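A.B. asks: Give me coordinates for this.
(4 chains)
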Number of protein chains: 2
Amino acid sequence: MPIKDCHTEKLIIDTAMRVFFTEGRIYATTQDIADAAGVNRTLINYYFRSKKALFTTVINTAREEFRGNADSILSSDLPFREKTEKFIDDFMNNLIKYPYLESFITVDIIQHRLKKNAYPGFSEKSPAPIRQYLKVIENEMEAGRIPKSTPVHFMMNLFSLMIYPLIMKPIQMNLLDLNETEYNNVLNQRKQIILDTIFPVKSLK
Amino acid sequence: MPIKDCHTEKLIIDTAMRVFFTEGRIYATTQDIADAAGVNRTLINYYFRSKKALFTTVINTAREEFRGNADSILSSDLPFREKTEKFIDDFMNNLIKYPYLESFITVDIIQHRLKKNAYPGFSEKSPAPIRQYLKVIENEMEAGRIPKSTPVHFMMNLFSLMIYPLIMKPIQMNLLDLNETEYNNVLNQRKQIILDTIFPVKSLK
DNA sequence: ATAACGTTTGACAAAATTGTCAACAAAGAT
DNA sequence: ATCTTTGTTGACAATTTTGTCAAACGTTAT
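C.D. replies: You can find the predicted model right below:
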């Protein structure tokens, strides 16, 4: 079989991403992943050497998968509101696929800090498209087209409103007394709600 | 030593809460916790029988610790804005102590779902003070004193804005290019920012 | 003093998880 | 057909983590 197959490798990666980032099973073992993929556990070691190596692979794969669109949207020369709208749309579609990705990255960072290692997944500076977008936010605030605070808070608000309802779905379902279907309906309304929140409509008494 | 000491038991609980909910070390072993507490690991089994039992104990302890204030604030007859202000203040003070508590509860729920068990930490309905507060939000929306959406989204926004910046601190620090001190300064401004976001000021052009 | 009790400890056993290896299978190249 | 390379498997070893137990300790009451 001299031609590289890599279909098993891809199967393992896809399964691991689903188990980790979609289902949020942070304690999943290599056996769990192998079972979910329907392959022999040894193959994980064959293709990735160790569980940790698989882990960094899937995190990087997922991050790259997300970067593409987001960067081109943020770097485009669309007007601020349209750009933000597109960004929310793209980002939330990704979130539905891998809601727990950020949670895993956070856990990963905490691990590295414990061993006093710098986190390999991070570059020194924040990504250029983000820095650029922050500048645009600043302009919009000065022009008075969005509430005056600081670009950093605007970004925090934006990410908070998008991500939190997805990663804490089980808790929120109980807190707000919603079943699965009801909660999913609410999630579908979020894009519009988020827009209305960060671009407040001025129709209050 | 016939008189119950319980100071070791309390030490273990406090340490476990710190390791789990403050430091976010989700992979911490019983040995890690024992080391952090400076006690023999066997004592964890002596006082709590198993790691899982310790886990449910600390989750319940932390939840009870948080409930008290929040419930009395939400059930008080303060005007809506003041009530919300107090709630944010109380909730965020708790969050600073145990930012990762909700993350752990979520992980716990996911575990239980995998075993097809109902989550023991949840009652059927959502807590009464929350249901009551949701009613008040509805009234405020109808009166036009806050932007019209639904109480559920208002709550989601509120929790999102409070919790997300704390649990994703490492990621946000990199994304926004802030060091520890700068990020903490930003966090200190959040209470006011959140108020301004959910009670929009109408000074836009 | 000693008996009783709760607490603490180290050594050990059990379980769970991960990693390694030699053997085997499959498929194209020679 | 045989060789070569890649992929796959099961058995095994190593490691990590958790749980158990008997013995020792310290304090108090008798």
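A.B. asks: Okay, now the unreliable bits of chain A?
C.D. replies: Along chain A, segments meeting pLDDT under 70 span A:1-5, A:202-205.
A.B. asks: Can you show me the helices along chain A?
C.D. replies: A:7-17, A:30-37, A:42-48, A:51-75, A:80-97, A:101-114, A:128-142, A:151-167, A:169-175, A:180-198 (DSSP state H).
A.B. asks: what sits against the closest residue to A:E138 other than its chain neighbours?
C.D. replies: With Cβ to Cβ, 6 or more residues apart in numbering or on different chains as the criterion, A:E138 has its nearest non-adjacent residue at 5.0 Å, and that residue is A:P151. Heads up, the C-betas are built off the backbone N, CA and C, glycines and all. Residues in contact with A:P151 (Cβ atoms under 8 Å, 6 or more residues apart in numbering or on different chains) are A:134-135, A:137-138, A:141.
A.B. asks: Over to A:K191?
C.D. replies: A:88-89, A:92 are the contacts of A:K191 under Cβ under 8 Å, 6+ apart.
A.B. asks: do the same with A:G24
C.D. replies: A:99-100, A:103, A:167, B:106-107, B:110.
A.B. asks: Output those residues in JSON lines; the columns should cover distance to B:I194 and neighbour count.
C.D. replies: Formatted as JSON lines, the contacts of A:G24 follow (distance: Cβ to Cβ, whole Å; neighbours: other Cβ atoms under 10 Å in any protein chain shown):
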{"residue": "A:P99", "distance to B:I194": "23", "neighbour count": "19"}
{"residue": "A:Y100", "distance to B:I194": "24", "neighbour count": "22"}
{"residue": "A:S103", "distance to B:I194": "22", "neighbour count": "24"}
{"residue": "A:I167", "distance to B:I194": "19", "neighbour count": "24"}
{"residue": "B:T106", "distance to B:I194": "22", "neighbour count": "20"}
{"residue": "B:V107", "distance to B:I194": "26", "neighbour count": "20"}
{"residue": "B:I110", "distance to B:I194": "28", "neighbour count": "18"}
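A.B. asks: near DNA strand C too, which of those?
C.D. replies: Near DNA strand C, judged by Cβ under 7 Å from any atom of the strand, there are no entries from these.
A.B. asks: what's the spacing between the closest residue to A:S160 other than its chain neighbours and DNA strand D?
C.D. replies: Nearest residue to A:S160 in three dimensions, chain neighbours excluded: B:Y164, at 3.6 Å (Cβ to Cβ, 6+ apart). From B:Y164 over to DNA strand D the distance is 29 Å, taken as Cβ to the nearest atom of the strand, to the nearest Å.
A.B. asks: So A:Y119 is in contact with A:H112, correct?
C.D. replies: Yes - counting by Cβ atoms under 8 Å, A:Y119 touches A:H112, with 4.9 Å between them.
A.B. asks: and the closest residue to A:Y47 other than its chain neighbours, how many neighbours?
C.D. replies: Spatial nearest neighbour of A:Y47, excluding adjacent residues (Cβ to Cβ, 6+ apart): A:E9 at 4.7 Å. Neighbourhood size, A:E9 [other Cβ atoms under 10 Å in any protein chain shown]: 16.
A.B. asks: isn't A:E9 right up against A:L54?
C.D. replies: No - with contact defined as Cβ under 8 Å, A:E9 does not reach A:L54; the gap is 10.2 Å.
A.B. asks: list residues touching both of those two?
C.D. replies: With Cβ under 8 Å, 6+ apart as the test, A:E9 and A:L54 both reach A:Y47.
A.B. asks: related to what we said a few turns ago, which residues does the residue nearest to A:S160 contact?
C.D. replies: A:156, A:159-160, A:163-164.
A.B. asks: Same list (those) but as a markdown table, adding distance to DNA strand C.
C.D. replies: Output for these, formatted as a markdown table (distance: Cβ to the nearest atom of the strand, whole Å):
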| residue | distance to DNA strand C |
| --- | --- |
| A:M156 | 34 |
| A:F159 | 30 |
| A:S160 | 32 |
| A:I163 | 27 |
| A:Y164 | 29 |
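A.B. asks: Let's have those residues in a markdown table, adding distance to A:D77.
C.D. replies: Shown next, in a markdown table, are these (distance: Cβ to Cβ, whole Å):
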| residue | distance to A:D77 |
| --- | --- |
| A:M156 | 25 |
| A:F159 | 23 |
| A:S160 | 27 |
| A:I163 | 27 |
| A:Y164 | 30 |
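A.B. asks: do you know how far A:E85 is from A:A62?
C.D. replies: 24 Å (Cβ to Cβ, to the nearest Å).
A.B. asks: So for the two, which sits in the more crowded spot?
C.D. replies: A:A62 (21 against 18).
A.B. asks: give me the number of residues near A:E124?
C.D. replies: Applying other Cβ under 10 Å, I find that A:E124 has 7 neighbouring residues.
A.B. asks: and what of A:L101?
C.D. replies: Neighbour tally, A:L101, other Cβ under 10 Å: 24.
A.B. asks: Can you tell me the closest non-neighbouring residue to it?
C.D. replies: Counting by Cβ to Cβ, 6+ apart, A:F21 is the residue found nearest to A:L101 once chain neighbours are left out, at 4.5 Å.
A.B. asks: Does the one you found touch A:P99 like I think?
C.D. replies: Yes - at 7.3 Å, A:F21 and A:P99 qualify as touching, with contact defined as Cβ under 8 Å.
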